[in-house]
Each structure stands twice: as structure tokens, then as C-alpha cells.
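Engineer: Here is a sequence with its predicted model. Questions after.
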Amino acid sequence: MSDAGATIIASPEAFEEACFSIPAARALHYAGARISIAAPEELVPLWESVTEVAEVIPHNGSARKLAKLVGEFTHSLAWEEGAAGIAFSKAGIAKRSGPPAEKLAKFLTDPLVIEHKVGPATHRVRHYLLIAEKMGAQPFEAVNFQSPPRPAADGVTRIGIAPGSDFGPSSEWPLARFQELAQNFGSGELIIFPSPDRPKPAQALAKELGNRATLAPADLTAQLSLLAQCDLLIGNDGAIPHLAAHVGTRCLTIFGPNDPTWKRPLGTIHKVLHQLGPCSSCFLAKCPLDHRCMNEITVEKVFQKALTFFPQA
């Protein structure tokens, strides 16, 4: 059971948002708080890889069950509406912080209002960092963005490919092009990563490539380990590039209906491909038109961009 006086933070439920919130959790740790995380069961391995987190408390979406596990905490932070925010209130945690969104505000005792200036889009990570700043942290420090330790290099070049997207088919580059792209990598290992909510594209690509590639398991612990062994991850906008960025693996992310300005993987070592069109950025899961944002990105364009990660090649 957790120490009295520690801070319990609710992990965002989406994979990419959880990744975006990690630097803010680290900032609160370095500000002197003992941080515990209440996380959906599928996100537990991600948070267990964050060394600044003292404890991860899994939950299955039941506010009633989670409330029984968090009663000793005196301070909580919920980023969004959901079971965890309700549980913190049910448990009677004295100080309950968070942004006062419509369905979350009534469960808070310490609403933290962040004023977003009108202007160009900014990355989502700032949403979390600015709230941490309101709580007394120093959010924009390099230590908050450090990756977990990576395995020692073994001389084998490994390319990860993530052909699915949790955001729906509109965010997926054609599977046949991923297959053609894979043929361009003549040596080294190819590892195909299934997306949490849409594993079928990865399964189909691995079947087409046969012995040329390995299909990673769906287990998140195994995926994080394999992603950390890759030299580069090429994938669609979705959970996998963000997980790769978390473990310090370079990413080339193909964006379609989403906007990389606010949702690209964290870190300056990563690159994106985004074909703008008159309908960008629509954010739709299914394209009602001709899917030009993805269809106009050629295999040659992706391959040449990938080569820039290996200037000696």
C-alpha cells in the first residue's frame, strides 16, 4: 500500500496521451513529490518503465474498486474525465487537482485553469507540462524528457514497422506500400509491430513478408523491449511510434488526417511525413474522399526519408 502523503496521478487512457503526460509526471517527481500512477491495465508496463514513478496501481475501469486502493493518498491529479477521477473523489482524497473539464470539474477540489493563447497549434505535451507547472514543478527541463536506459548495441540493424493505426483506416498508409518498402531494406532485421486496437494490418504484413520479418507479440512489455532494440521505427500515426519514442528509438511517422504539429512523437530525433491537401487536417477515422493524404506519399519518398537516419549508408 502507498505511503500516506504521496501523490496519485491518473494516467490518460489513450496510449499517445499517456506518453505525452510522462514528462509532466517526471517534473512533479523532481519537484519533490512521491509519484504513484493509477493506470488502465493495458498501460501498466509503460508506466513501470518510468523509473521516477514509485508505484503503479492497475485498474480495469471500475471507480468503485480503484477507490478502495487509493484512500491513503492526500493529493491526486486527474488529467481527464474517467474512472480514476471519480475514484479519487469516492476515496475522499483531500486535495484533488486537475483541469476543470465539464465532466471532471465536480470531482475536483483544486481546479487548475490553463489559458491557451489563440494562435498556431502547439504540441499536446504542453497541456500536461503547464498543469505540472501550476503545481510547482519545473516542467521544461531536459531531465523530464530522458528515455529509459537502452540495451547495448549488438551490431545488428533492426527496423521496426507499424502498419496499423489506432486512429482508424484513414491514418493507415496502404499495406502494399509497406510491403514494397520492406523489400528495400536488404539486410538487417525487420520487426512488425501490431497496434493495440488494430493488429490485423501488422498480422497481414508479417504473413506477406514471411521469413523476411518477425511479428512482435501484442504484449506491451515485450513490445517496449523490442522497440528499444530497433534502430528506427517506421509507422503510421498511432500508439506504436509514441511507444518507440518513449524508449528512445528514432521514428519516421507517416501522418494522414492528424496534425503532427500537436501529435508528433516527442523528441527532436524523430521525423514525420505529412502530405497536406485541401482537406487537411480532417481527423476522420474513415476518409469520405480519395484518401489523397496517404495515397500521394510514395514508397520512394518514405525510403529516402528513412535513409536520412543512416547518413553513412
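Structural biologist: The structure has been received and is ready for your questions.
Engineer: pLDDT weak spots in the stretch 201-313 of the chain?
Structural biologist: Residues of the stretch 201-313 of the chain meeting the criterion pLDDT under 70: 276-285, 287-292, 313.
Engineer: quick one: the strands in it?
Structural biologist: Secondary structure of the stretch 201-313 of the chain, counting by DSSP state E, counting those that start in this stretch: strands at 213-215, 232-236, 251-255, 271-274.
Engineer: out of those, which comes closest to residue 160?
Structural biologist: With CB to CB as the criterion, residue 160 lies closest to strand 232-236 of the strands of the stretch 201-313 of the chain, at 4.1 Å. For glycine as for every other residue, the C-beta is placed from the backbone atoms N, C-alpha and C.
Engineer: between the strands of the stretch 201-313 of the chain, which one is nearest to residue 144?
Structural biologist: It's strand 251-255; of the strands of the stretch 201-313 of the chain, that one is closest to residue 144 (CB to CB) at 19.2 Å.
Engineer: Only alpha carbons, please: show the closest one as CSV.
Structural biologist: Provided in CSV are the C-alpha atoms of strand 251-255 (Å, rounded to 0.1, in the frame of the first residue of the first chain):
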residue,chain,number,x,y,z
CYS,A,251,10.8,7.3,-35.5
LEU,A,252,9.7,8.1,-39.0
THR,A,253,5.9,8.7,-38.6
ILE,A,254,3.5,8.9,-41.6
PHE,A,255,0.7,11.3,-40.8
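Engineer: Sheet partners, orientation included, of that strand?
Structural biologist: Here strand 251-255 has these sheet partners by DSSP bridges: strand 232-236 (parallel), strand 271-274 (parallel).
Engineer: distance of residue 219 from residue 225?
Structural biologist: Distance from residue 219 to residue 225, counting by CB to CB, to the nearest Å: 10 Å.
Engineer: what about those two, which has more around it?
Structural biologist: residue 225 (16 against 10; other CB atoms under 10 Å).
Engineer: With residue 217 as the reference, measure out to that one.
Structural biologist: 10 Å.
Engineer: Repeat that for residue 17.
Structural biologist: 23 Å.
Engineer: who's more crowded, those two?
Structural biologist: Using other CB under 10 Å, the more surrounded residue of residue 17 and residue 217 is residue 17, with 18 against 13.
Engineer: Please give me every residue in contact with the more buried one.
Structural biologist: Residue 17 makes contact with 79, 80, 124, according to CB atoms under 8 Å, 6 or more residues apart in numbering.
Engineer: In CSV, list the C-alpha atoms belonging to whatever helix or strand it lives in.
Structural biologist: Assigned by DSSP states H and E, residue 17 falls within helix 15-30. C-alpha atoms of helix 15-30 as CSV (Å, rounded to 0.1, in the frame of the first residue of the first chain):
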residue,chain,number,x,y,z
PHE,A,15,-1.6,5.4,-25.4
GLU,A,16,-0.3,8.5,-27.0
GLU,A,17,-1.7,10.8,-24.3
ALA,A,18,-0.2,8.6,-21.6
CYS,A,19,3.2,9.1,-23.4
PHE,A,20,2.6,12.9,-23.5
SER,A,21,1.9,13.0,-19.8
ILE,A,22,5.1,11.2,-18.7
PRO,A,23,7.4,14.3,-18.8
ALA,A,24,4.9,16.1,-16.5
ALA,A,25,4.9,13.2,-14.1
ARG,A,26,8.7,13.3,-14.1
ALA,A,27,8.7,17.0,-13.4
LEU,A,28,6.4,16.5,-10.4
HIS,A,29,8.8,13.8,-9.1
TYR,A,30,11.8,16.1,-9.4
